[in-house]
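[1] Next one to model:
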Amino acid sequence: MSCERVIVGDIYCDLPLGLYVIRGENVVLIAELDLEKEELPPHMTRVSPAEIKRVLDEISFERYKSSEFVSQR
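    Alright, predicted model coming up:
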């Protein structure tokens, strides 16, 4: 099973993606992550998928509010 590691500041979450089938002649290596030997900095904190989504939504909203596309009233 594959997953996507999302890192935002000092928090991270591994989001499961399911089974990915990769084909083609440009594939060099497919490996499995050994969770016992994981090498993340000690200050990183693992959070739930809901928490990482909430943080990403806040960042997106802040970028939207500060963009030039939003009319200043």
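
[2] Show me the shaky parts of the protein.
    Flagging of the chain using pLDDT under 70 yields the residue ranges 28-30, 35, 38, 68-73.

[3] show me where it has helices.
    49-66 (DSSP state H).

[4] For residue 19, which residues are in contact?
    Contact analysis of residue 19 by CB atoms under 8 Å, 6 or more residues apart in numbering lists 1-2. The C-beta positions use only the backbone N, C-alpha and C, and glycine is treated the same way.

[5] Now do it against residue 34, distance only.
    Plainly put, residue 19 is 19 Å away from residue 34 if you go by CB to CB, to the nearest Å.

[6] tally of neighbours for residue 37?
    Using other CB atoms under 10 Å, residue 37 has 6 other residues around it.

[7] got the contact list for it?
    Neighbours of residue 37 in contact, by CB under 8 Å, 6+ apart: none.

[8] do the one 10 residues further on as well
    Going by CB under 8 Å, 6+ apart, residue 47 touches 11-13, 55.

[9] next one: phi and psi at it?
    Backbone geometry at residue 47, expressed as degrees, to the nearest 10, gives phi -130, psi 170.

[10] how far is stretch 9-20 from where the chain is centred?
    With CA atoms, centre = their mean, to the nearest Å as the basis, stretch 9-20 stands 5 Å off its chain's centre.

[11] Pull the CA coordinates from stretch 47-57 and hand them back as PDB.
    What follows is stretch 47-57, C-alpha atoms only, in PDB (Å, rounded to 0.1, in the frame of the first residue of the first chain):
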ATOM      1  CA  VAL A  47      -1.100  14.200  13.500                       C
ATOM      2  CA  SER A  48      -4.400  12.800  12.100                       C
ATOM      3  CA  PRO A  49      -5.500  13.200   8.500                       C
ATOM      4  CA  ALA A  50      -8.300  15.500   9.700                       C
ATOM      5  CA  GLU A  51      -5.800  17.800  11.600                       C
ATOM      6  CA  ILE A  52      -3.500  18.100   8.600                       C
ATOM      7  CA  LYS A  53      -6.400  18.900   6.300                       C
ATOM      8  CA  ARG A  54      -7.600  21.600   8.800                       C
ATOM      9  CA  VAL A  55      -4.100  23.200   8.800                       C
ATOM     10  CA  LEU A  56      -3.900  23.000   5.000                       C
ATOM     11  CA  ASP A  57      -7.300  24.600   4.700                       C
END
